[in-house]
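> Predicted model and sequence follow; I will ask about them next.
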Number of protein chains: 2
Amino acid sequence: MRLRDETKERTIREKAIEMIVREGFDGLSMQKLAKAAGVSPATIYIYFKDREDLIRQIYYDEMLTMSTETLAGFDPGMHFEEGMRVQWMNRAQYCLKYPLRMHFMEQMRHSPFHEKFQGDARNPFSTAMKTFVLNAIERKELIKLPLEVYWSVAYAPLYQLIKFHQSKAGMPGWGTFVLDEKTLEKTLELVLKALQP
Amino acid sequence: MRLRDETKERTIREKAIEMIVREGFDGLSMQKLAKAAGVSPATIYIYFKDREDLIRQIYYDEMLTMSTETLAGFDPGMHFEEGMRVQWMNRAQYCLKYPLRMHFMEQMRHSPFHEKFQGDARNPFSTAMKTFVLNAIERKELIKLPLEVYWSVAYAPLYQLIKFHQSKAGMPGWGTFVLDEKTLEKTLELVLKALQP
DNA sequence: CAAAAATAAACGAACGTTCTTTTATTTAAA
DNA sequence: TTTAAATAAAAGAACGTTCGTTTATTTTTG
């Protein structure tokens, strides 16, 4: 029995992410990917059922990593301000540490794949988040509002900031933008001001 | 001389948007598009130089429409709260009126096409926005902050709310979410609370 | 040696694009 | 008013290429 070379699978996954980020899903072809990863096209099919399965597996894997890193040091029972700060810093760190993977996820989230794969995903992330919010509302550390409104006000600004940071161009006509810790902290304070009673 | 049938070009554009929204850029093939629009593949090349030019033209056109509708009834000299309200309502109306086009733009914005096409676009939108913000800061109706931070706090929550509204599934494990005017108004008030001195 | 990994080569299908021909419409000479 | 040249739109079929995937074979290793 010959054992699988795990390096091969990792390389395939990494190169796939690179290709998708650089050229979009359009640009991800199995033959080009094989060449980029230094394997035969047929080898890819040992590890992945087909092209869609490849994308799906990368997506799920990244979803899991993201959830795990976002929840590091986080407890749904935390006080609101502390919990928010932990999450903001975790998310920011993740996005800035793995810009490629982040780009991949962003592209994923806005493509038809997202709805296609959504149903299958089971993550402990949502429930933790829900508990955290309900706790905070009950303690009167957070105003009473629908979960979607909370989510939109609490995290959308963070992701937009990160997108500004990562886009080399910045807003057209604006200067370049660098997201430092101070800016992050200041923006978080604005968001907290909006959400606290 | 035979005249162009303008219906043809419009149909091609519409079907292209539909295909991209339903199947992603992956799913947009010239031959399938031709069939969907009821024309010959060669006809598409009368109106568009090539596949990329097709996407680019649809993008620019939609960019323009979006800017125009967002700036309707808006004046950079407006008071902050009123200006924000006008922009929020305009954006929300646009997104809810043209969900397909909105989806197309979202997909566009997160694909490699965005950076590719960005440099060429010239819109009066950015300058109007910049003036509005600087005015508001000077009048002390808006706290002093970088444009990117302002943008992130002021509009990212709105777009996230709209995305929730449009996704049939909602957050996994959450109920369905419908964005009504009251929710919109309440969220805007939260954002204003964050941004006003 | 048994068995799975890995490959090279090839499959039909679909891709973006173009070539050639036909069709519709305007122009203007008869 | 008729008619034919002129021209661009539109179509259909085909181009060579690349696509995702499979088959047949070889290589590696428990």
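Yes, it's here. Residues are numbered from 1 along each chain as shown, chains lettered A, B, ... in the order given.

> So which residues on chain A come close to DNA strand D?
Within reach of DNA strand D by C-beta under 7 Å from any atom of the strand, chain A has these residues: A:1-3, A:28-32, A:40-42, A:44-45, A:50-52. (Each C-beta comes from the backbone N, C-alpha and C, glycine too.)

> just curious, which of the residues you listed is nearest to residue B:90?
The shortest distance between residue B:90 and any of those, using C-beta to C-beta, involves residue A:28 and amounts to 36.7 Å.

> Now do the same contact list for that closest one.
The neighbourhood of residue A:28, defined by C-beta atoms under 8 Å, 6 or more residues apart in numbering or on different chains, consists of A:16, A:19-20, A:51, A:55.

> Buried members of the residues of chain A next to DNA strand D into ChimeraX, please.
Applying 16 or more other C-beta atoms under 10 Å in any protein chain shown to the residues of chain A next to DNA strand D leaves a buried subset, and the ChimeraX line that selects it is:
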select /A:28,30,44,51
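
> For chain B, state which of the residues of chain A next to DNA strand D is nearest.
The shortest approach to chain B among those belongs to residue A:28, at 8.4 Å (C-beta to the nearest C-beta).

> and the helix or strand bottoming out on mean pLDDT in chain A with chain B, contact?
Least confident element among the helices and strands of chain A, by mean pLDDT, DSSP states H and E: helix A:112-118 (a mean of 90). Yes. For helix A:112-118 and chain B, the contact criterion (C-beta under 8 Å from any C-beta of the partner chain) is met by A:112-113, A:115, A:118.

> what's that helix packed up against?
If you count contacts as 3 or more C-beta pairs under 8 Å, 6 or more residues apart in numbering or on different chains; DSSP states H and E, helix A:112-118 packs onto helix A:51-70, helix B:6-23.

> do that again at 10 Å, thanks
For helix A:112-118, the elements it packs on are helix A:51-70, helix A:99-109, helix B:6-23, judged by 3 or more C-beta pairs under 10 Å, 6 or more residues apart in numbering or on different chains; DSSP states H and E.

> Pull that helix out as PDB, backbone CA atoms only.
The C-alpha atoms that make up helix A:112-118 are tabulated as PDB, following Å, rounded to 0.1, in the frame of the first residue of the first chain:
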ATOM      1  CA  PRO A 112     -24.000  31.400  -6.400                       C
ATOM      2  CA  PHE A 113     -21.800  28.800  -4.600                       C
ATOM      3  CA  HIS A 114     -22.700  30.400  -1.300                       C
ATOM      4  CA  GLU A 115     -26.400  29.600  -1.500                       C
ATOM      5  CA  LYS A 116     -25.600  26.300  -3.000                       C
ATOM      6  CA  PHE A 117     -23.400  25.200  -0.200                       C
ATOM      7  CA  GLN A 118     -25.100  27.000   2.600                       C
END
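
> can you tell if that helix touches DNA strand C?
No. Using C-beta under 7 Å from any atom of the strand, we find that helix A:112-118 stays clear of DNA strand C, coming within 14.8 Å at best.

> If you count neighbours, what's buried in that helix?
For helix A:112-118, the buried set under the neighbour-count rule, 16+ other C-beta under 10 Å, comprises A:112-114, A:117.

> Which of the residues of helix A:112-118 next to chain B sits closest to DNA strand D?
Distance from DNA strand D was checked for each of the residues of helix A:112-118 next to chain B by C-beta to the nearest atom of the strand. The minimum falls on residue A:113, at 13.7 Å.

> what's the closest non-adjacent residue to the closest one?
Spatial nearest neighbour of residue A:113, chain neighbours left out: residue A:55 (6.2 Å); criterion: C-beta to C-beta, 6 or more residues apart in numbering or on different chains.

> Kindly report the same for residue A:77.
residue A:135 (6.2 Å).

> ok so, going back, so which of the residues of chain A next to DNA strand D belong to helices?
With helices identified by DSSP state H, the entries of these that belong to them are A:30-32, A:41-42, A:44-45, A:51-52.

> which one of those residues sits closest to residue A:103?
Checking these against residue A:103 with C-beta to C-beta, the nearest one is residue A:32 at 18.5 Å.

> returning to what we had before: could you verify my assumption that the residue nearest to residue A:113 touches residue A:19?
No. Counting by C-beta atoms under 10 Å, no contact exists between residue A:55 and residue A:19, whose distance comes to 11.1 Å.

> which of the two has more neighbours?
Between residue A:55 and residue A:19, counted using other C-beta atoms under 10 Å in any protein chain shown, residue A:55 has the larger neighbour count: 23 against 20.
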